[in-house]
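Participant: Okay, sequence plus prediction incoming.
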Number of protein chains: 2
Amino acid sequence: MSTASANETTAQDHAALAVRLGRAAREAALQLATLPTDRKNAALARLAELIEQSGEALAEANARDLAAGEANGLSSALLDRLRLTPERIRQMSEGVRQIISLPDPVGEEIERTERPNGLLIRRVRVPIGVIAVIFESRPNVTIDCAALCLKAGNASILRGGKEAFHSNTALAALVTRALRETGLPENAVQLVPTTDRAVLNELLKLDELIHCIIPRGGEGLIRFVAENSRIPVLKHYKGVCTLYLDPAADPAMATAVVVNAKTQRPSVCNAIENLLVHRDAAEALLPRVATALRDKGVELRCDEAAAAILARHDIPTTPATEADWSTEYLDLILAIKVVDSLDDAVAFVNTYGSGHSDGIITADAAAAERFLNGVDSAAAFWNASTRFNDGFEFGFGAEIGISTDKLHARGPVGLRELCTYKFIVQGNGQIRG
Amino acid sequence: MSTASANETTAQDHAALAVRLGRAAREAALQLATLPTDRKNAALARLAELIEQSGEALAEANARDLAAGEANGLSSALLDRLRLTPERIRQMSEGVRQIISLPDPVGEEIERTERPNGLLIRRVRVPIGVIAVIFESRPNVTIDCAALCLKAGNASILRGGKEAFHSNTALAALVTRALRETGLPENAVQLVPTTDRAVLNELLKLDELIHCIIPRGGEGLIRFVAENSRIPVLKHYKGVCTLYLDPAADPAMATAVVVNAKTQRPSVCNAIENLLVHRDAAEALLPRVATALRDKGVELRCDEAAAAILARHDIPTTPATEADWSTEYLDLILAIKVVDSLDDAVAFVNTYGSGHSDGIITADAAAAERFLNGVDSAAAFWNASTRFNDGFEFGFGAEIGISTDKLHARGPVGLRELCTYKFIVQGNGQIRG
């Protein structure tokens, strides 16, 4: 066989595999859509049990991934993400049990209108259908996403990273077994049996079979998916989040919130990367806030005005450049800028931010309202840490991710956001005149 | 200049024009987002006046399009769509006045939660931002879309068809004038100043500046947009809609609803193309329904079972092929099939339908519920004509189109569906532990 025709066969195989996965998922989705809550919960309960009982098998599969990872020179941070400890295995089954306890979003009536002609029009929450989740190295995502999609009545196609392939395969086998043993369609959750990017590419074309793509991972993966997908994507690229200190900010509150938003967990998307201070308050607020940040080991990248104030207090800074304002450090670094007005703060957020989580600290309600309405952010905070932009903190019970998109879901994506709606119209023979 | 570099310059010009439009729209959108309702309504009121006062100028611009259309051999149907009569001009201004009378969706609180830690979390409706509408020959779409997007606080980029270019340009000039005279940003509504598809292609790449694309027109245009866009698209390709007659259907109601759904306006997307009849009811229902359809001049494309029944009543039919079940005739043709069960009817709709509008006629509430839940359709009807899937009929007051997508908006897209939401979180210094 020539190389050309071998490649062609492979390309056909990739496309055929993707279509097979898509069709099987669509068929399962139609069955899941009308399943009562207790049937879905029974499958999830069996899954939680199976995870608890399978510690040894999961550890073995994980050991193969870890050995391969070490051989391939993965960083210790990546190896840590990959590792399934007994505690992490327990957390997975605990997560599934939490999802069981959440209310089923399917069938909820969102809106009801009776029209003058007697038609009763109801907007009812229903599953989206087929959701593909594309993720990287953490194997627990397999269970999280499978369980969340299933509870919301969706079939899922899961495509994990190659580093976690054996771990994901072992976890997916438990899901399949739980589905089979509780009489649910086995194709309700499918792990893509290869991490070949060519198959992913074929999946991204199947807009008639797959209704939504959720990429979870680094910005590179997310951009690849967004740029190559014909299917709608729910995503956020990054979190360049900003807090703005108004002249009416309480200094103690400003200090506590800024330190929390920057340092409580610097590596996540809702941590702040920028701090703005109104010129009239900079002298009073900045030294105190900066001292507290320095105590936590934060590098301060300052514009000239902020640097001048802090220099007078012998607080070390480094100069900020234009690029700093839109950089997601995910680290103990904070860019600081003095602004002339609230409007300038809003304009800064809308220019350099990523529309994720931005906040104002002030005792002035009118100033707060202008800021909260003005920033084009998924979540806008008044006198609270941006770290609260999270499905658990918002009371959703769980989340599959956070969206900075405008359509469908913005902010945390929980069970309700994994649903769409349909109109159910009841009449007694109405015809249109 | 060589051809290659001329092309290159042109390509750069196309991209630069698209980016200029996108940036101007984004800037206008940020201003529109916080405008009070009366400011938006004042601009719309001025637009309605200007349309009423500009009949002559609009007729002149339209005459240029009509003359060009005739010279280019446009069909009489297309020329009719293109024509701006005094009545159609009056309807445009009337449509704008109706939009003024609708409630402003922006700022509506969708949901409010107080968390145990005291955080008040509100989900609030806000504009999407920048919406691009791509449409074909009917110039009134320029005004409809400009007004709907503006009322919902969105900036719009309108790209009409080349056949209506002069008419659209004249209408867009009125919009710009209304915006300027009432102090709104002029770039709140921009008509793309060329119908060159290369510019459209560049617009479809601007996912950081344009938040939503709405294509309105034939399936070819919509597929082109969907396949080439990196921006989320709200759309429906076509309406392959089905009515199913259950054994418990009232014959008079079945006849009236089927005839209405097929013949009241056969050229629209919510008219039916398929009729299914349960085997147990076919003998009793089909001849009566078929006779009423024949009286309206409908061609009946039947499967063997339906054809055999109608042949015994001397009702002429033509044989249906597999392709008929998924064909959107938009004409006085109806495909008819006898099914063995309600489940078969649901499976037929989910296999051949386009997820638009499907219904059941039955007096049996349990059967209705199974059908309504089982069909994966934007709108499911029980004892009513599918022709009611429409923003006006649903009480939305207006619509920009109908979506068969799963994400964001499904069914009629009205003012609320032209919005997204943001979370506004109010605290008193909460930090995350």
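Facilitator: Received it, and whenever you're ready, just let me know what you need.
Participant: hey, let's count contacts and neighbours off CA atoms from now on
Facilitator: Noted.
Participant: quick one: residue A:154 and chain B, what's the gap?
Facilitator: To chain B, residue A:154 is 12 Å away according to CA to the nearest CA, to the nearest Å.
Participant: With residue A:375 instead?
Facilitator: Note on residue A:375: its distance to chain B, by CA to the nearest CA, is 9 Å.
Participant: Can you report how many residues lie near that residue?
Facilitator: Residue A:375 has 27 neighbours, counted by other CA atoms under 10 Å in any protein chain shown.
Participant: Do I have it right that it meets residue A:351?
Facilitator: No. Applying CA atoms under 8 Å as the test, residue A:375 and residue A:351 come out as separate, 9.9 Å apart.
Participant: What about residue A:327? Give its phi and psi, please.
Facilitator: Recorded main-chain torsions at residue A:327 are phi -100, psi 130, according to degrees, to the nearest 10.
Participant: list the contacts for the residue of the stretch 1-150 of chain A found nearest chain B?
Facilitator: At 5.9 Å from chain B, residue A:128 is the closest residue in the stretch 1-150 of chain A, using CA to the nearest CA. By CA atoms under 8 Å, 6 or more residues apart in numbering or on different chains, the contact list for residue A:128 reads A:153, A:154, A:211, A:212, A:418, A:419, A:420, A:421, B:406, B:407.
Participant: quick one, phi/psi of it?
Facilitator: The phi/psi pair for residue A:128 (degrees, to the nearest 10) is phi -70, psi -40.
Participant: now do residue A:88
Facilitator: Residue A:88 has phi and psi values of phi -70, psi -30 when expressed as degrees, to the nearest 10.
Participant: That one: what's it in contact with?
Facilitator: Counted by CA under 8 Å, 6+ apart, residue A:88 has contacts residue A:140.
Participant: what does stretch A:319-335 rub up against?
Facilitator: Contacts of stretch A:319-335 (CA under 8 Å, 6+ apart): A:238-240, A:262-263, A:266-269, A:271-275, A:297-304, A:307, A:336, A:352-354.
Participant: then it to PDB, C-alphas only?
Facilitator: This file holds the C-alpha atoms of stretch A:319-335, laid out as PDB (Å, rounded to 0.1, in the frame of the first residue of the first chain):
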ATOM      1  CA  PRO A 319       7.800  48.900  36.400                       C
ATOM      2  CA  ALA A 320       4.700  47.800  34.600                       C
ATOM      3  CA  THR A 321       4.500  47.800  30.800                       C
ATOM      4  CA  GLU A 322       1.500  48.000  28.500                       C
ATOM      5  CA  ALA A 323       1.600  44.200  28.200                       C
ATOM      6  CA  ASP A 324       1.200  43.700  31.900                       C
ATOM      7  CA  TRP A 325      -2.400  45.100  31.900                       C
ATOM      8  CA  SER A 326      -3.600  42.100  29.900                       C
ATOM      9  CA  THR A 327      -1.400  39.400  31.200                       C
ATOM     10  CA  GLU A 328      -2.800  36.500  33.200                       C
ATOM     11  CA  TYR A 329       0.100  35.800  35.600                       C
ATOM     12  CA  LEU A 330      -1.500  33.000  37.500                       C
ATOM     13  CA  ASP A 331       1.300  33.700  40.000                       C
ATOM     14  CA  LEU A 332       2.200  36.000  42.900                       C
ATOM     15  CA  ILE A 333       2.500  39.100  40.600                       C
ATOM     16  CA  LEU A 334       0.000  42.000  40.600                       C
ATOM     17  CA  ALA A 335      -0.100  44.900  38.100                       C
END
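Participant: So which bits of it are buried?
Facilitator: By neighbour count on 16 or more other CA atoms under 10 Å in any protein chain shown, the buried set for stretch A:319-335 is A:320, A:324-335.
Participant: swap in stretch A:14-31?
Facilitator: By neighbour count with 16+ other CA under 10 Å, stretch A:14-31 contains the buried residues A:14-15, A:17-19, A:21-31.
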